[in-house]
Each structure stands twice: as structure tokens, then as C-alpha cells.
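Student: Build the 3D model from these lines:
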Amino acid sequence: MNSNADKWFSIYTRLKNCDENGIGTCVTCGKMQHVKHQHCGHYIGRQHMATRFDEMNAGIQCVNCNSFNEGRKDVYEKYLIEKHGKQNIDLLKLRGKSTKHFSKFELGQIAKYYKSEAEKLAKVKQIKIW
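Tutor: Alright, predicted model coming up:
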């Protein structure tokens, strides 16, 4: 796995979902803190490659919810249904069950894209990338 793709997708996701001060709200417990201290939580686990870089599948989670409470999938699902609609989340679940293998080139392109997008967001929000 290309850790650069994961790194930049994570940074982008957190920057996209935080305010101008870099404060993000955990989608499962509501804890607010700077996004550099939070995680990019995945509703469908990262081991499922078909949804690993799916923006609908990722959001800000505090370390406790993401790491120690196994992502609190029940609460995460309610949040996603509210945000995107049940039909879209049902489709996301189906995509999560499909098989996807990324080539090194594809992972490099994913990293390049999300790095560029993260840098744009950081500039607009005036947040230093950590």
C-alpha cells in the first residue's frame, strides 16, 4: 500500500471537514479539537480497497472513537445516512464488498491529487499542514 496516498487522503479529509481554525468535530461523539490531533475515520474499514479513498466513506473521528471504540460503526452509519441519504450509504456498502486492486501508478496519482487538494484547502483556511 502506498502510505503517501493514505497520508494525503487523510489530511485532505480532515481539512475538508474542519473550520477555518482547524477545529474538527468527531462524526461519532462530537468531540471538537484541532484536526492534526484527530483521525480520518472510515465507516467501511480501510482494508476494503474499493472504498478506501471514497470521500463519502471518510470523516473526522477522534482517536478514542476511531482506535479504541472500533469506529462506532452504528453511530457513524446514522451520521452518514443523515448526511448522504440511506440509498447512497446502501450503495457505499455494496461498493465496499467489491474487489479493487490499485497499481503503484494509481496510488501515486491518488497521492498527487489529494496532496494538491489538501494544499489548496490549507491555503484557503490558512492552516499549516502538519
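Student: buried residues in the one helix or strand Tyr12 maps to?
Tutor: Using DSSP states H and E, Tyr12 maps to helix 3-16. Buried residues in helix 3-16, defined by neighbour count with 16 or more other C-beta atoms under 10 Å: 5-6, 8-16. For every residue, glycine as well, the C-beta is placed using N, CA and C.
Student: try stretch 121-130
Tutor: 121-122, 127.
Student: who does the residue positioned nearest the centre of the chain bridge with?
Tutor: What sits nearest the mean C-alpha location of the chain, by C-alpha atoms, centre = their mean, is Ala58, with 2.9 Å. In this entry, Ala58 is beta-bridged to His42, by DSSP bridges.
Student: just checking, it touches His39?
Tutor: No. Ala58 is beyond contact range of His39, at 9.8 Å (criterion: C-beta atoms under 8 Å).
Student: Name the residues contacting each of these two.
Tutor: Ser10 (C-beta atoms under 8 Å, 6 or more residues apart in numbering).
Student: Just want the angle from the lengthiest helix in the chain to helix 3-16.
Tutor: Ordering each helix of the chain by length in residues (DSSP state H) puts helix 104-125 first. Orientation note: helix 104-125 sits at an angle of 30 degrees relative to helix 3-16 (axes from the mean of the first three to the mean of the last three C-alpha atoms, to 10 degrees).
Student: what ranges of the chain fall below the confidence cut-off?
Tutor: 1-2 (pLDDT under 70).
Student: could you redo the last one with a cut-off of 50?
Tutor: In the prediction, the chain carries no residues with pLDDT under 50.
Student: Can you name the residues that contact Gly96?
Tutor: 44, 48, 50-51, 57.
Student: rewinding a little: quick one: name whatever helix or strand follows the helix holding Tyr12.
Tutor: strand 23-25.
Student: Downstream of that next one, the next helix or strand is which one?
Tutor: strand 32-34.
Student: contact partners of that next one?
Tutor: By C-beta under 8 Å, 6+ apart, the list of residues contacting strand 32-34 reads 18, 21-26, 62.
Student: what distance separates the helix holding Tyr12 from the middle of the whole chain?
Tutor: Distance of helix 3-16 from its chain centroid, counting by C-alpha atoms, centre = their mean, to the nearest Å, is 7 Å.
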